[in-house]
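> Below is the sequence, then the predicted model.
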Amino acid sequence: MSEKEINKEGPGATVAAPKEVQIIELDGHGGHTLEPEWKRLPIGPDHILYSVVVGLALFPILMGDAGHHLADDMPDEDTHPFFPDHFWPYPIIAVVMLIAVGLLSAFVQKNLQLETSADPRATTIPRPDWYFLFLFQFLKLGPELIMSLVIPPVVVGAFLLFPFIDAIAGPRLAHRLGWKSWPVPGRNIITGTIFVLALVYIAFLTLWALAGPEFCLPYFTGPVCGA
């Protein structure tokens, strides 16, 4: 029997052989016929009105009936429209921010004004912000090259590599100490103690710097005073 023969299934029932339909691609869009040139809107992403066209296209989806299908699976009593339920907080937030800026301008104006111009003849030493004061004080405790370009990068690198160091060296240390397993960082007494001591040392250096040049402590190289 040839492939072109008509198949029969039951008395009088015939099924024709399937025909291949040729798909014609037009303009490289997989068979979809594009609109003629005179119907196309000549506005691309680089056009000045592109944002307006996008806004007009999204408006019925966000606020009209076209967007209701997005909430078809939820009960009506559990849904909330974008306008005004989800829209009203934003104007209030903007107004509160404007009021806050106005109050700061009215009552904290002296802090918003520019400082006096820099004078190269002045003998004052500039001070960093409070969150860098501990580094400013740390520089006085040794050679500047080591204290500024060696130790801080090593500490930052140790923080970045800590997960790998903890995963590699932790189990070995736990085996030496006779522990069953190496605790996670949040419950590890060793790494937790090191972290707390580091914070205490940073706080100590900050308070030492804030105490001023009159507050001096003995050190290996001699008395070291605050900033």
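Yep, it's here. Numbers count the residues shown, from 1 in each chain.

> Now stretch 98-109 - C-alpha only, CSV.
This file holds the C-alpha atoms of stretch 98-109, laid out as CSV (Å, rounded to 0.1, in the frame of the first residue of the first chain):
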residue,chain,number,x,y,z
LEU,A,98,9.4,69.0,51.0
ILE,A,99,8.2,70.0,54.5
ALA,A,100,11.3,68.3,56.1
VAL,A,101,13.6,70.2,53.7
GLY,A,102,11.9,73.5,54.5
LEU,A,103,12.2,72.9,58.3
LEU,A,104,15.9,72.1,57.9
SER,A,105,16.4,75.2,55.8
ALA,A,106,14.6,77.4,58.4
PHE,A,107,16.0,76.0,61.7
VAL,A,108,19.3,74.4,60.7
GLN,A,109,20.4,77.0,58.1
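
> how about that stretch: buried residues?
Residues of stretch 98-109 classed as buried by neighbour count (16 or more other CB atoms under 10 Å): none. C-beta here means a position set from N, CA and C on the backbone, and glycine is covered the same way.

> So which residues of the chain form helices?
Under the criterion DSSP state H, the chain carries helices at the ranges 50-63, 89-107, 109-112, 133-138, 144-149, 151-177, 189-210.

> Select, out of the ones you listed, the one closest to Thr221.
For the helices of the chain, proximity to Thr221 was assessed by CB to CB; helix 144-149 is nearest, at 11.8 Å.

> residues in contact with that closest one?
Here helix 144-149 makes contact (CB atoms under 8 Å, 6 or more residues apart in numbering) with 138-139, 141.

> Pick out the shakiest of the helices of the chain, pLDDT-wise.
When the helices of the chain are ranked by mean pLDDT, helix 109-112 comes last with a mean of 63.

> Domains of this protein: list them as residue ranges, please.
The chain breaks down into these domains under automatic domain parsing: 23-79, 130-225.

> Comparing those domains, which comes out most buried?
Ranked by mean neighbour count under mean count of other CB atoms under 10 Å, the domains of the chain are led by domain 130-225, which reaches a mean of 12.
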